[in-house]
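Chemist: output the structure for:
(2 chains)
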Amino acid sequence: MQTVLFFLITGLLAGFMLRRHPGLLHRADQASSLAVYLLLFFLGLSAGLQPEILSAMGPSGLHALILSLAATAGSILLVWPLYPLLFKNKKNPRTEKKHGQP
Amino acid sequence: MGSLKIIAAFFTGLGCSLLLPFFQKLPAETLSSMALYLLLFLVGVSIGGRRETLQMLRGIRPSLLLLPLMVASGSILAPGLVAALFLPLSFQEGAAVGAGMGYYSLSSILITKISGETLGLIALLSNIFREILALTATPLLVRYCGRLSGIAAGGATAMDTTLPVIVRFTGREYAIIAVFSGLVLTLCTPVLVTAILSYGA
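Modeler: Predicted coordinates for the structure are as follows:
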């Protein structure tokens, strides 16, 4: 938990300080998609080393599908009442007051 | 497209470990930890460096935080309940998978680290499904399930991969709100997943 927060927050600060260097930020984006592929590769690697995971592949896929439907439905259900609450009768959905402001 | 490559990377790893003895000797654990920390750092960099981040910190009204808050609550509670009632999984496990909010790369790795490969695999697939669902169903959802349903379905991906679809069907004026919600959720995903799984452990 602390490690997760540490790396996230250091990254946020670093990104903020680098905000005037779009080239470097672009590099960071490229590096992060590379890191994602590497991570998934390693995930596959360690999954392959444990035979019991391979046999659970089928049921896991079904469970995954059910859970993703539940997550989507749950979030839509809870967000539904927010629309009339937050956005009805507001010309600009982002800010309600502050006229003359860009 | 992105999710296809992700699945390909996963199966390449799987194939390598099964077929090539060299890969079985790699310290996959250590390497993936290092890649994970690098990724977390880079996610921070990319959000901290976005021009919209500062803009939004200034211009957004606080009540809009309700939107990501409700998306997160729904994404955590519903899968938790479904897992506990209908699947051979605990509430905690279902909730952690849901807390990925479509952010499959980061959430699946974190879950693998904390709870093992089986739940990690479920998290990977489930969150890829969620992204695909948001990409394909948003036009219908916006029509029948409320204006904000596309943003809700997109979860953390509402700021990047599913943003074009959301903007197209929800309206241009909701682009900033979708990015805002996705941004908040992207930052919350790693924190929520670890918090849920380490609760009571």
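
Chemist: got a list of what B:G182 touches?
Modeler: Shown in contact with B:G182 (Cβ atoms under 8 Å, 6 or more residues apart in numbering or on different chains): B:151, B:154-160, B:163. Backbone N, C-alpha and C define where each C-beta goes, glycine included.

Chemist: ramachandran coordinates for the residue minimising distance to the centre of chain B?
Modeler: The centroid of chain B falls nearest to B:Y103 when counting by Cα atoms, centre = their mean (1.9 Å). Here is the backbone geometry of B:Y103 (degrees, to the nearest 10): phi -90, psi 80.

Chemist: just checking, it touches B:T186?
Modeler: Yes: the pair B:Y103 / B:T186 is scored as a contact, 6.2 Å apart, by Cβ atoms under 8 Å.

Chemist: so which residues of chain A form helices?
Modeler: Under the criterion DSSP state H, chain A carries helices at the ranges A:2-17, A:22-48, A:51-55, A:57-79, A:82-86.

Chemist: worst average pLDDT in these?
Modeler: Here the lowest mean pLDDT among these goes to helix A:51-55, at a mean of 72.

Chemist: pull out the buried positions in it.
Modeler: Residues A:I53 are the ones in helix A:51-55 that count as buried (16 or more other Cβ atoms under 10 Å in any protein chain shown).

Chemist: and that helix with chain B, contact?
Modeler: Yes: part of helix A:51-55 sits near chain B under the criterion Cβ under 8 Å from any Cβ of the partner chain, namely A:52-53.

Chemist: need the contact partners of that helix.
Modeler: With contact meaning Cβ under 8 Å, 6+ apart, helix A:51-55 is reached by A:47-48, B:117-118, B:121.

Chemist: OK, now which residue of chain A is nearest to chain B?
Modeler: A:G11 (2.0 Å; Cβ to the nearest Cβ).

Chemist: show me what contacts that residue?
Modeler: Taking Cβ under 8 Å, 6+ apart, we find A:G11 in contact with B:40-48.

Chemist: any idea how far B:A84 is from the closest residue in space to it that isn't next to it in sequence?
Modeler: Nearest residue to A:G11 in three dimensions, chain neighbours excluded: B:G44, at 2.0 Å (Cβ to Cβ, 6 or more residues apart in numbering or on different chains). With distances taken as Cβ to Cβ, to the nearest Å, B:G44 is found 33 Å from B:A84.

Chemist: now B:V45
Modeler: For B:V45 relative to B:A84 (Cβ to Cβ), the value is 37 Å.

Chemist: which of these two has more neighbours?
Modeler: Set B:V45 next to B:A84 and count neighbours by other Cβ atoms under 10 Å in any protein chain shown: B:V45 wins out with 28 against 15.

Chemist: which residue does chain B have closest to chain A?
Modeler: Counting by Cβ to the nearest Cβ, chain B gets nearest chain A through B:G44, at 2.0 Å.

Chemist: packing partners for the strand or helix carrying that residue?
Modeler: Assigned by DSSP states H and E, B:G44 belongs to helix B:28-48. Applying 3 or more Cβ pairs under 8 Å, 6 or more residues apart in numbering or on different chains; DSSP states H and E, one finds that helix B:28-48 makes contact with helix A:2-17, helix A:22-48, helix B:104-115, helix B:175-198.

Chemist: re the thing from before, dump the contacts of helix A:51-55 to CSV, plus neighbour count.
Modeler: Listed next are those as CSV, based on neighbours: other Cβ atoms under 10 Å in any protein chain shown:
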residue, neighbour count
A:A47, 26
A:G48, 23
B:E117, 23
B:T118, 21
B:L121, 25
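
Chemist: and those residues, which two are the farthest apart?
Modeler: A:G48 and B:T118 (13.3 Å; Cβ to Cβ).

Chemist: B:A134 is nearest to which of the helices and strands packed on helix B:28-48?
Modeler: Closest approach to B:A134 among these is made by helix B:175-198 (10.7 Å; Cβ to Cβ).

Chemist: buried residues in that closest one, which are they?
Modeler: Residues of helix B:175-198 classed as buried by neighbour count (16+ other Cβ under 10 Å): B:175-190, B:192-194, B:196-197.
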